[in-house]
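*Asks:* Give me the fold of what follows.
(4 chains)
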There are 4 protein chains.
Amino acid sequence: MKPLKVVTLGGGSGYTPELIDGFIKRHGELPVSEYWLVDIETGREKLEIVGKLAQRMVKKAGIAMTVHLTTDRQQALKDADFVTTQIRVGQLAARIQDEKIPLSYGVLGQETTGPGGFMKAQRTIPVLLEICKEMETLCPDAWLINFTNPAGIVTEAIEKHSKIKSLGICSGANSMMMDIAKAYGVGREAIDARIMGLNHLIYADRITLHGEDITADFIEKLAQGVSDNKLKNIPDIGLPAEFIRALKFYPLSYLKYFYLNKEMVEHELQELRNGGTRGERSLQIEKSLFEIYRNPQLCEKPPELSSRGGAYYSDTACSIISALYNNKKEVHVVNTANHGTTPDLPDDAVIETNAVIDKQGAHPLAYGRLPPRIRGLIQSVKAFEELTIEAAMTGDRHTALLALVAHPLVPSVEIAGNILKDYLAANRDFLPQYTDE
Amino acid sequence: MKPLKVVTLGGGSGYTPELIDGFIKRHGELPVSEYWLVDIETGREKLEIVGKLAQRMVKKAGIAMTVHLTTDRQQALKDADFVTTQIRVGQLAARIQDEKIPLSYGVLGQETTGPGGFMKAQRTIPVLLEICKEMETLCPDAWLINFTNPAGIVTEAIEKHSKIKSLGICSGANSMMMDIAKAYGVGREAIDARIMGLNHLIYADRITLHGEDITADFIEKLAQGVSDNKLKNIPDIGLPAEFIRALKFYPLSYLKYFYLNKEMVEHELQELRNGGTRGERSLQIEKSLFEIYRNPQLCEKPPELSSRGGAYYSDTACSIISALYNNKKEVHVVNTANHGTTPDLPDDAVIETNAVIDKQGAHPLAYGRLPPRIRGLIQSVKAFEELTIEAAMTGDRHTALLALVAHPLVPSVEIAGNILKDYLAANRDFLPQYTDE
Amino acid sequence: MKPLKVVTLGGGSGYTPELIDGFIKRHGELPVSEYWLVDIETGREKLEIVGKLAQRMVKKAGIAMTVHLTTDRQQALKDADFVTTQIRVGQLAARIQDEKIPLSYGVLGQETTGPGGFMKAQRTIPVLLEICKEMETLCPDAWLINFTNPAGIVTEAIEKHSKIKSLGICSGANSMMMDIAKAYGVGREAIDARIMGLNHLIYADRITLHGEDITADFIEKLAQGVSDNKLKNIPDIGLPAEFIRALKFYPLSYLKYFYLNKEMVEHELQELRNGGTRGERSLQIEKSLFEIYRNPQLCEKPPELSSRGGAYYSDTACSIISALYNNKKEVHVVNTANHGTTPDLPDDAVIETNAVIDKQGAHPLAYGRLPPRIRGLIQSVKAFEELTIEAAMTGDRHTALLALVAHPLVPSVEIAGNILKDYLAANRDFLPQYTDE
Amino acid sequence: MKPLKVVTLGGGSGYTPELIDGFIKRHGELPVSEYWLVDIETGREKLEIVGKLAQRMVKKAGIAMTVHLTTDRQQALKDADFVTTQIRVGQLAARIQDEKIPLSYGVLGQETTGPGGFMKAQRTIPVLLEICKEMETLCPDAWLINFTNPAGIVTEAIEKHSKIKSLGICSGANSMMMDIAKAYGVGREAIDARIMGLNHLIYADRITLHGEDITADFIEKLAQGVSDNKLKNIPDIGLPAEFIRALKFYPLSYLKYFYLNKEMVEHELQELRNGGTRGERSLQIEKSLFEIYRNPQLCEKPPELSSRGGAYYSDTACSIISALYNNKKEVHVVNTANHGTTPDLPDDAVIETNAVIDKQGAHPLAYGRLPPRIRGLIQSVKAFEELTIEAAMTGDRHTALLALVAHPLVPSVEIAGNILKDYLAANRDFLPQYTDE
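*Replies:* Residues are numbered from 1 along each chain as shown, chains lettered A, B, ... in the order given. Next comes the predicted model:
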């Protein structure tokens, strides 16, 4: 096995210690020799803090890995084998606006679901595609493992507009399977499920325990409240038991934003009055995390990190990178192009589903038709995503308006127009593609 | 040409004089010799009133057509050539409940769009399929021309569960083309357009004037408010000009229930406070219409009839029946099975689109892929329709709940559950398929 | 109605008097004021002969149309409204080679079916695309009505590689309907049928007489030999009665080259021994036709013309041009892009099927799935056509070999290689795209 | 792990020692405790010979497995976990007729490709479906692992007409990968490839060595004759180098029957003159094999067995059974329903392709569109297969004729009719579904 150069863009993120921890644990099978953390100038301080912690963690582990910190992205990308991204264009300040503007019109204000996902995509896609263009020169054979949200939309933009090999990664499916495992008192590896949908909009069925189908049993457990997919960052409002029984799928928690839209918006408005949006609380958590990271005695991932709701990212990412590197032919859940996996979505649409991962990439398992009880929602959100990508690539205001109108959670064209106007005004600095009219 | 037996079920409807008028005008090419108006026992009084008017109209016209009035459906159906339906199971009283129950939860209360369409389908589909079963014995080669709303859903139920040849008819597309003609000061026949969508959810493009494409020009007219598809029964709230320019399709007025959902619900709530729902006003209009019909001097369609918003039904229906009968190979807009017209909807889904009509039936024109700006909404409403039909056929409460949840205008599973509970309670007498749990 | 400029490329063809005759008969509805016959330098003599006849025919008819003869294609194309093509790159000499080379390996030698169609496409596609490029400058809104064989393949090449609006035309379907009409002793206009397939590979079902389905009855007539589609240019060997009954479609005569391949090849070899290929006989017929055309007393289409097997071309072409010009919304059989008409063929494949013709072009009627008894053959010939076009565009010998191998009538890769070698050698002058290796 | 009951129908086959050997080797992971060999009365002698050998092999291996020999199929099927089939309705005598009859008309006479596959399917499908019906009662949860040829067609018949879970198995893909491994001097496990097609009509691309793509390199090796897929039972005629380079796929040897049809038929006719068809030689080989099996000292698979061309069956079958039983989530090549794996074939068509195997069954990897250079042939053979199954289910002579006509290797409808007539006469005893006319 040849030594590996791995690069993480947005290396100053508070999640980085998770990733470092994952690479340390897997060093035997995934011999990362150079690990580059990259951030932009305004993130340099965070990069230094988290980077030093990373270096202490590696040192303590006693493995042959050097951790480099830089703001020179091109130097880092040169000859990389794997590039992971966890960037946040506009940082948490932009996210907070993404949340507050729709809420001011009574519409869901969330990081990835609803108008927030549209806005984050407009800022993020141009930056990611610039990165891809650099990779085409500096490391054309590298894999781009994209954590950056909205992960499905961003991966579809890369798929459509770049030749770089990429996969979109999310911990959502993994967290669902962990919850199932917990409900049955077994290890994660005993559980499997068939996943279908879009990022943050996935459904599980064909749930198995050591290969035996337990779907009906687990659905009843869900209905009775014995298990739930309580993601840390999603309000804990339960779906009605009869609906779960009717649905016969296990939906990711994010689907509550659709199925309980009214209640979720009320909850968000309540939270806003009580001290701030989720983004504002994240800002607080991040601050205290970095205080902890600064401690020069700390040489491992601190327990406080898991409180941010991305606990399984590291496992998800590192195990997929290892499957690619080691040609493992394992089945993982990833965001990848449809290419006929289901005929109910366009061929070039990125979907989140089970795929065999080998050195050549992800090969999704044929799924066939979507049943109507999940089909309409998935299809309408995909139409929103397609328009969102087109708007991000062209900066066309008409397309941007159509994207927001196409979102099932936007209740009127008038409101869509207002949100768009406020969004474009607030994000002027991050939207080179939207020229003045 | 052999003489024709035509049967209208729901013959006591206030619209019947429109139909009679249409058959009288076309008697040369469509020689209806027996015309049977059928209604149920509770509709006998209205049947008598409207039937007598029909007989006076025919007599005045001096044509060889006998008008029969009966409550014996089977006698009427025997050897019929064409059967038209315009029934209203539960009459306007049921419609008013359909409207009021969702409104009580802040959700659109409309006859065909939103939860109202679901409820009307639950009452109507079993009756229509019973009629089809009778037709399979009494007039297996007859055409069923279905006006009964929700026309697309009902036609799909017939398509899936009966062998009777049927087409769903709506005046919507015709009214759009009339509006275009008006905007250009030309006759209806000079205008054409490509229609795609579902009943009450259609979009026009490739708009032509004497064959020349005027789509862009007409869209700009729409944006500037020079033209509008102001259906009598839909609140007159305009779509924003920029949205119309962005959409590049001419949407049927009913689409305002989706694009301006918030405003439309507010408007309905306002109207409810100011004297009643649309259904309640229809009840008033109907009463005064029947007062007029009673007049034994009246021997033609009274001008007051056009105030009910179905003015083009007669032309639409009679011209399609004539195209079938006379093997005309004309293009009309009808509700018929997709069968590959667009790959973005299931093959057995009923869609509303342009089709060549000849003696063998409707042959829709291949459309290809739907553009994303209209695709998501059409697909999600189709998923709702599919579940609605399955619920109506089985009486399964889980499927009924999933249908309401699938509707883009229902903002929460909780609310869907409440509406369903109230609906089933209020409609107990009309839902034999929903057995007590 | 504005006056019209029509251009016929390959104007020196012996078929031209048919076209002239068609335009003269339709001058009331299709007021062609300028008619340009264009040919290349080597065809100048034939152009003069046929052009003078055309001028005499127009003069006799006493209509306001001027007939221009030229070898300056660009002058002719300038501001044209309709351009028809009936060119033959390499003339009949090339056709005779197309026939003889495969026959020398015991493989069908036919103008459009089998290897011959491949070779004709290699010579023709580059020339047609050059014409399209000129049209894009000189008459970008003109319609290109393509008679040039292989008409389906050529039209698909234009569809894929040019923006010029085009339709492929063939008299095959028309001749089938004439035969049906003859079998029932009625006029052509009383008959209709649903056509599906590729050019020279079409099947008819849903055959109607005044709108009533007579398919089963006519199939039985066919089986009993009461009717047959005896095209002048196809050997008269009958299909077995049981096969016709099994097929339940009415196949175009050209399908005998597939269904009776062994017998047809034997027949061709026999004919070759007895005096020459079909191409060689055509050469004779053409010579005697031009002798007749030279007669300065002749001012109408001579009866001898119909002996060449293209008798319905004129009607087919002129009526389609008139439907386009007059926005007739009539159904005609044309070669046009699939675009979802049947999901069993690629979206951008050109198929031959029923389409509504209006000023905007051809709108095929949705067909749905192909039944397996005709599906495999159509699909495999389409794969051949796709590879044939790719080879003609690129001059890639590997693709050319794959095209010939893909043809169902080529019995071995070795033979395909030999035919290709001989073909490329014999056609060197007409294949600029095949560079020396 | 619970002990396992495995049943092999057609247990008297000469291949059975391969299977026994496979189960013995895998006894650790696949603890077969009861192994039932079943045959029909006329096969009793062979069953006894091979069954005794099996018992000696198990005894020598010293594992806890009992081998039962019976002609009572229902007793054997009761509570089985896995049922494998390797039956040959009509035995080798029928195969020899399958070969000779088409050859008498100059058409390929081969066991599975061409008319032979049609005829074998007519005899085999009714028997297999009878077995499935018994399984539905006696062991409804058992897996049916079908080796019986034509394996793809038979599996599709089961898929369409039975609820029994089944997979079709063939050693073809495995033998291709072994050949690749040999060409690179590596073990089989280092090689992988993407397989697409129908049974005995598969193509490999994305060929990898330790995960690195070596497709182009291996194709060049093939072209240069360094490697070949020389199946024992297929004449050793090489494909032309330029064709292999053009194809860019590695085709299974069986494809030579299509690509070199002329040469293969000549070769078969030559062999026929020189002492008999492949079936006749198989009869000889079988006889000598059974002589060897009789030897009471023999307690292992004799080396002579591998000379019959099915050497990898055992590995293929046992490893797939183990993957199902142990929920291994490994990728294997199997015959299973398309369900969207490629949109270029019907959804319910059985294809041969890579699939993840777990306890729930086979989950094929989405493949997307087929390139035209392999598409036409696969599609036309699939149409033949579909008609073959329909004929076998109904005994309809018209459908049977259409099936033979649809086969690309049958050169004329007349010949198809003659082959069919002779086939039905010769197989009268095995075709209960074909009633006398």
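
*Asks:* Residue ranges in the stretch 101-250 of chain A under the pLDDT threshold?
*Replies:* Filtered on pLDDT under 70, the stretch 101-250 of chain A yields the residue ranges A:228-229, A:232.

*Asks:* so who does A:E45 touch?
*Replies:* Residues in contact with A:E45 (CB atoms under 8 Å, 6 or more residues apart in numbering or on different chains) are A:G12. All C-beta atoms are positioned from the backbone trio N, CA, C, and that covers glycine.

*Asks:* what's the helix or strand for it?
*Replies:* In the assignment (DSSP states H and E), A:E45 maps to helix A:44-61.

*Asks:* would you put the C-alpha positions of that helix in PDB?
*Replies:* Extracted in PDB, the C-alpha atoms of helix A:44-61 (Å, rounded to 0.1, in the frame of the first residue of the first chain):
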ATOM      1  CA  ARG A  44      -6.500  31.100  10.400                       C
ATOM      2  CA  GLU A  45      -6.900  31.300  14.200                       C
ATOM      3  CA  LYS A  46      -9.300  28.400  14.400                       C
ATOM      4  CA  LEU A  47      -7.100  26.400  12.000                       C
ATOM      5  CA  GLU A  48      -4.200  27.000  14.300                       C
ATOM      6  CA  ILE A  49      -6.100  25.900  17.400                       C
ATOM      7  CA  VAL A  50      -7.600  22.800  15.900                       C
ATOM      8  CA  GLY A  51      -4.400  22.000  14.000                       C
ATOM      9  CA  LYS A  52      -2.300  22.000  17.100                       C
ATOM     10  CA  LEU A  53      -4.700  19.700  18.800                       C
ATOM     11  CA  ALA A  54      -4.500  17.400  15.700                       C
ATOM     12  CA  GLN A  55      -0.800  17.400  15.900                       C
ATOM     13  CA  ARG A  56      -0.900  16.500  19.700                       C
ATOM     14  CA  MET A  57      -3.400  13.700  19.000                       C
ATOM     15  CA  VAL A  58      -1.200  12.200  16.200                       C
ATOM     16  CA  LYS A  59       1.900  12.500  18.400                       C
ATOM     17  CA  LYS A  60       0.200  10.700  21.300                       C
ATOM     18  CA  ALA A  61      -1.000   8.000  19.000                       C
END
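
*Asks:* pLDDT on whichever helix or strand comes after it, on average?
*Replies:* Sequence-wise, the next helix or strand downstream of helix A:44-61 (DSSP H and E) is strand A:66-70. On average, the pLDDT along strand A:66-70 is 98.

*Asks:* you'd agree A:T277 is up against A:L103?
*Replies:* Yes - in this structure, A:T277 is within contact of A:L103 by CB atoms under 8 Å, at 7.5 Å.

*Asks:* what is in contact with those two at once?
*Replies:* With CB under 8 Å, 6+ apart as the test, A:T277 and A:L103 both reach A:109, A:268.

*Asks:* ok so, going back, could you check the angle the helix holding A:E45 makes with strand A:66-70?
*Replies:* 180 degrees (axes from the mean of the first three to the mean of the last three CA atoms, to 10 degrees).

*Asks:* what is the mean pLDDT for helix A:44-61?
*Replies:* Mean predicted lDDT for helix A:44-61 stands at 96.

*Asks:* Go through that helix and flag the buried ones.
*Replies:* A:46-47, A:49-58, A:61 (16 or more other CB atoms under 10 Å in any protein chain shown).

*Asks:* Strands of the stretch 201-350 of chain A, start to end?
*Replies:* Under the criterion DSSP state E, counting those that start in this stretch, the stretch 201-350 of chain A contains strands at A:201-209, A:212-213, A:250-251, A:330-337, A:350-358.

*Asks:* mind checking which of the ones you listed is nearest chain B?
*Replies:* strand A:250-251 (10.6 Å; CB to the nearest CB).

*Asks:* what does the closest one contact?
*Replies:* For strand A:250-251, contacts defined as CB under 8 Å, 6+ apart pick out A:176, A:180, A:193, A:202-205, A:207, A:215, A:218-219, A:222, A:229, A:239, A:259.

*Asks:* could I get the strands of the stretch 201-350 of chain A as CSV with distance to C:E385?
*Replies:* Below are the strands of the stretch 201-350 of chain A laid out as CSV (distance: least, CB to CB, whole Å):
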stretch, distance to C:E385
strand A:201-209, 41
strand A:212-213, 46
strand A:250-251, 46
strand A:330-337, 28
strand A:350-358, 33
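
*Asks:* Including mean neighbour count, could these go into TSV?
*Replies:* Shown next, in TSV, are the strands of the stretch 201-350 of chain A (neighbours: other CB atoms under 10 Å in any protein chain shown):
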stretch	mean neighbour count
strand A:201-209	22
strand A:212-213	12
strand A:250-251	24
strand A:330-337	24
strand A:350-358	26
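
*Asks:* For A:D72, grab phi and psi.
*Replies:* Phi and psi for A:D72, reported as degrees, to the nearest 10, are phi -100, psi 90.

*Asks:* The closest residue to it other than its chain neighbours pairs with what?
*Replies:* Spatial nearest neighbour of A:D72, excluding adjacent residues (CB to CB, 6 or more residues apart in numbering or on different chains): A:V38 at 7.7 Å. Residues in a beta bridge with A:V38, per DSSP bridges, are A:L9, A:T70.

*Asks:* wait, A:V38 sits on A:V67?
*Replies:* No - assessed by CB under 8 Å, A:V38 is found out of contact with A:V67, at 11.7 Å.

*Asks:* The two: which is more packed in?
*Replies:* Ranked by neighbour count (other CB atoms under 10 Å in any protein chain shown), A:V38 and A:V67 place A:V38 first, with 26 against 22.

*Asks:* Stretch A:324-344 and chain C, are they touching?
*Replies:* No - legend: contact between stretch A:324-344 and chain C by CB under 8 Å from any CB of the partner chain is lacking; minimum distance shown is 9.4 Å.

*Asks:* Now do that stretch, average pLDDT.
*Replies:* 96.

*Asks:* Distance check, A:I374 against A:F258.
*Replies:* Distance, A:I374 to A:F258, by CB to CB, to the nearest Å: 11 Å.

*Asks:* again, but for A:L128
*Replies:* Distance from A:L128 to A:F258, by CB to CB: 26 Å.

*Asks:* who's more crowded, those two?
*Replies:* A:L128 (26 against 22).

*Asks:* In contact with that one, which residues?
*Replies:* A:L128 touches A:85, A:87, A:146, A:148, A:154, A:157-158, counting by CB under 8 Å, 6+ apart.

*Asks:* Tell me if it really is in a helix.
*Replies:* Yes - the assignment for A:L128 by DSSP: H, G, I helix; E, B strand; the rest coil puts it in a helix.

*Asks:* Quick check: it vs C:P17, distance?
*Replies:* Distance, A:L128 to C:P17, using CB to CB: 65 Å.

*Asks:* A:L144 too?
*Replies:* The gap separating A:L144 from C:P17 is 66 Å, by CB to CB.

*Asks:* A:Y15 too?
*Replies:* According to CB to CB, A:Y15 stands 81 Å off from C:P17.

*Asks:* Any idea which residue of chain A lies closest to chain C?
*Replies:* The nearest approach of chain A to chain C comes at A:P343, 9.4 Å away (CB to the nearest CB).

*Asks:* does that residue really touch D:T342, like I thought?
*Replies:* No - using CB under 8 Å, A:P343 is not in contact with D:T342, being 10.6 Å away.

*Asks:* Stretch A:325-345 spans what distance, first to last residue?
*Replies:* 30 Å (CA to CA, to the nearest Å).
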